[in-house]
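>>> the following block contains a protein sequence and its predicted model.
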Amino acid sequence: MYTGESVTLSCGFGGDPAGWEYFWYKDTWKTALPNTESSRSEGSSYTISPAALAHSGEYRCRAARGRDPFYSDYSDPLTLQISGIPQTQLTVQSGWTEVFTNETVTLRCVIQASSTEWIYEWYRDGQELPVDEADSSSVNGDTYTILSTDQSHTGPYICRGKLTRRAVQSITSSPVNLNVLTLPKVQLTVQSGWKEVFSNETVTLRCIIQGSSTEWIYEWYRDGQELPVDAADSSSVNRDTYTILSADQSHNGLYTCRGKLQRAVVYSLISISATLNVQAQPQAVVTLDNGWMEIFLIITEGSLTMRCELQGTSANWKYIWYRDGAQISLNHTGERHTVGFWNGSCDGEYKCQGNRADRTYYSLISAGFMTANIRLYFILGVSGSVIIFISLVVLAVKCFKKCRKSDHGLPTAVYEEIALTTETEGSEAVIGQHCFYSAVQLTP
């Protein structure tokens, strides 16, 4: 029994109790127990109320009657064990006092010197909780389960036990503060920060969960389809990164991620998508920066400028120039390269290649550009122009001569007056009337 309870001991030997006086002994046979505020003998009964730890021990009784008392034998001993009110400990069965929305949480109330006679009372913020509410249940009497947490379940929890057939309550437990957190936001980033990704590059995506815990594992998606983290072209590093070892255009798409708690089927929010656009390795092309229309300016200035262009990509490139297969200069990284037009020692096959300024990545190397061909084209162009000019002059002279000859050979009309005579048959002469006949003569 526990301190604070009441207990009554009875002494009897089967005969008529009338005339008998009863004596009570504790842990000794020498001195009978006196009446006190917490214990007294009445008739054949001995009552202790309220019980204290000091009342623990072995109790005996015997009866006596007559002036010269006749004593009965001592009774067999009865051991009375008085225990202190038991301590109570409240624990979260999972061990986590910070939980997320929609988790299942089980609280356990542990009473020392536990007995199946205990029933349990549960409190949050000082208000008793019913054990039959929709989101909780009582299991084996000593657990309180919240099936799906939300922020209304945040607060300090306590519990205590109560014996079913006696007015005994355990000491109230120390509070356990349960903090229900909203599902964390997630941010997906390309760890390198690159806006352009090219074929064969290594790309690492990182999933950042606010208030991150080592309990999270990560799920990765491309265009809504979950990605395996053990695929040949990817690996999971420290669990929050997804690495594409050699990117190609099949990796293009919208990537998202989310976290999943190891201890429970609870997911974070899904991240905002990150677009990955893998571009083909760009092709370098060497062009004449001056332009073919400025060839005479090239001749007068005596220099020729080539330009390295990368097809289908933006800025932030450095450039490597080669002449006849050898790199020109480690310090020359510009997109333009100028050589002397009339300096034959600068002739050769020029090529270029792009190199990313922010990382080690190279474009495809360009086709060769022969500077000596420019002079050849110029000579051929000048020669062709002279020939065409002479041809045009000759043609013009011939045309002029032909036109003059044509002017002297035009047909000439010759007119002759013919007088009418009276001998003309079928005609009647009219005074003052003449007829003109014309004949065409060609001058030889």
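Noted; the coordinates are in hand.

>>> do me a favour and get the end-to-end distance for stretch 49-59?
Across stretch 49-59, the terminal residues are separated by 16 Å (CA to CA, to the nearest Å).

>>> once you drop chain neighbours, what's closest to residue 281?
Excluding the flanking residues, the one nearest residue 281 by CB to CB, 6 or more residues apart in numbering is residue 199, at 4.9 Å. Where you see a C-beta, it was placed from the backbone N, CA and C, and this is true even at glycine.

>>> err, residue 317, not the other one
On the basis of CB to CB, 6+ apart, the spatially nearest residue to residue 317 that is not a chain neighbour turns out to be residue 354, at 4.4 Å.

>>> doesn't the one you found belong to a helix?
No: counting by DSSP: H, G, I helix; E, B strand; the rest coil, residue 354 is not found in a helix; it is strand.

>>> I'd say it and residue 312 touch.
No: the pair residue 354 / residue 312 is not scored as a contact, 11.4 Å apart, by CB atoms under 8 Å.

>>> overlap in contacts of those two?
Taking CB atoms under 8 Å, 6 or more residues apart in numbering as the contact rule, residue 354 and residue 312 both touch residue 282.

>>> these two - which one has more neighbours?
residue 354 (25 against 9; other CB atoms under 10 Å).

>>> and the more buried one, what are its bridge partners?
Counting by DSSP bridges, residue 354 is bridged to residue 319.

>>> can you tell me the centre-most residue of the chain?
Note on the chain: the residue nearest the mean C-alpha position is residue 188, at 2.6 Å, using CA atoms, centre = their mean.

>>> so what sits opposite that one in the bridge?
If you apply DSSP bridges, the partners that residue 188 bridges to are residue 207.

>>> alpha carbons only: can I get stretch 77-96 in PDB?
Below are the C-alpha coordinates for stretch 77-96, written out as PDB (Å, rounded to 0.1, in the frame of the first residue of the first chain):
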ATOM      1  CA  PRO A  77       3.000 -12.000  12.000                       C
ATOM      2  CA  LEU A  78       1.500  -9.800   9.300                       C
ATOM      3  CA  THR A  79       3.900  -7.800   7.200                       C
ATOM      4  CA  LEU A  80       2.700  -4.400   6.200                       C
ATOM      5  CA  GLN A  81       4.700  -2.600   3.500                       C
ATOM      6  CA  ILE A  82       4.000   1.100   3.100                       C
ATOM      7  CA  SER A  83       5.500   2.600  -0.100                       C
ATOM      8  CA  GLY A  84       5.800   6.200  -1.200                       C
ATOM      9  CA  ILE A  85       3.600   7.600  -3.900                       C
ATOM     10  CA  PRO A  86       5.200   6.300  -7.100                       C
ATOM     11  CA  GLN A  87       7.100   8.600  -9.400                       C
ATOM     12  CA  THR A  88       5.900   9.000 -13.000                       C
ATOM     13  CA  GLN A  89       7.900   9.500 -16.100                       C
ATOM     14  CA  LEU A  90       6.500  10.700 -19.400                       C
ATOM     15  CA  THR A  91       8.400   9.900 -22.600                       C
ATOM     16  CA  VAL A  92       8.000  10.300 -26.300                       C
ATOM     17  CA  GLN A  93       8.300   6.700 -27.500                       C
ATOM     18  CA  SER A  94      10.100   7.700 -30.700                       C
ATOM     19  CA  GLY A  95      12.500   9.900 -28.700                       C
ATOM     20  CA  TRP A  96      11.700  13.000 -30.800                       C
END
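
>>> any buried residues in that stretch, and which?
Across stretch 77-96, burial judged by 16 or more other CB atoms under 10 Å covers 80, 82, 85-86, 88, 90-92, 96.

>>> and what of stretch 310-325?
Within stretch 310-325, the residues scored as buried using 16+ other CB under 10 Å are 310, 313, 317, 319-323.

>>> and which of those residues is nearest residue 221?
Distance to residue 221, by CB to CB, is smallest for residue 313 among these, at 28.0 Å.

>>> what about the nearest residue to that closest one once chain neighbours are set aside, how many residues close to it?
Closest residue to residue 313 apart from its sequence neighbours, by CB to CB, 6+ apart: residue 282 at 4.6 Å. Residue 282: 22 surrounding residues under other CB under 10 Å.

>>> please apply the same query to residue 227.
17.

>>> and for residue 103?
Residue 103, neighbours per other CB under 10 Å, totals 21.

>>> circling back to that earlier point, residue 274 versus the residue nearest to the centre of the chain, what's the distance?
5 Å (CB to CB, to the nearest Å).

>>> next: residue 116.
58 Å.

>>> more neighbours: these two, which one.
Applying other CB under 10 Å to residue 116 and residue 274 shows that residue 274 carries more neighbours, namely 16 against 7.

>>> the stretch 151-300 of the chain: strands as residue ranges?
Listed in chain order, the strands of the stretch 151-300 of the chain (DSSP state E, counting those that start in this stretch) span residues 155-163, 176-181, 186-190, 197-198, 203-209, 216-222, 225-227, 234-237, 241-244, 253-261, 274-276, 278-279, 284-288.

>>> pretty sure residue 364 is one of the things the residue nearest to residue 313 touches, is it not?
Yes: under the criterion of CB under 8 Å, residue 282 makes contact with residue 364 at 6.9 Å.

>>> not counting sequence-adjacent ones, nearest residue to residue 94?
residue 263 (6.2 Å).

>>> tell me the contacts of that neighbour?
The neighbourhood of residue 263, defined by CB under 8 Å, 6+ apart, consists of 94, 96, 215.

>>> how about 10 Å then?
94-96, 99, 103, 213, 215 (CB atoms under 10 Å, 6 or more residues apart in numbering).

>>> what's the closest of these to residue 327?
Out of these, the member with the shortest distance to residue 327 (by CB to CB) is residue 213, at 51.5 Å.

>>> check that closest one and give its pLDDT.
Residue 213 carries a pLDDT value of 67.

>>> could you measure from the residue nearest to residue 94 over to residue 184?
15 Å.

>>> quickly list the domain ranges of the protein.
7-80, 88-181, 186-279, 284-375 (automatic domain parsing).

>>> the ones you listed: which one's closest to residue 391?
Closest approach to residue 391 among the domains of the chain (CB to CB): domain 284-375, 21.9 Å.

>>> for the stretch 1-150 of the chain, which spans come out with low pLDDT?
Low-confidence segments of the stretch 1-150 of the chain, defined by pLDDT under 70: 113-115, 131-140.

>>> 80 instead, please
Applying pLDDT under 80 to the stretch 1-150 of the chain flags the ranges 13-18, 113-116, 130-141.

>>> still on that earlier bit, out of the contacts of residue 263, which sit inside helices?
Within the contacts of residue 263, no residue falls in helices by DSSP state H.
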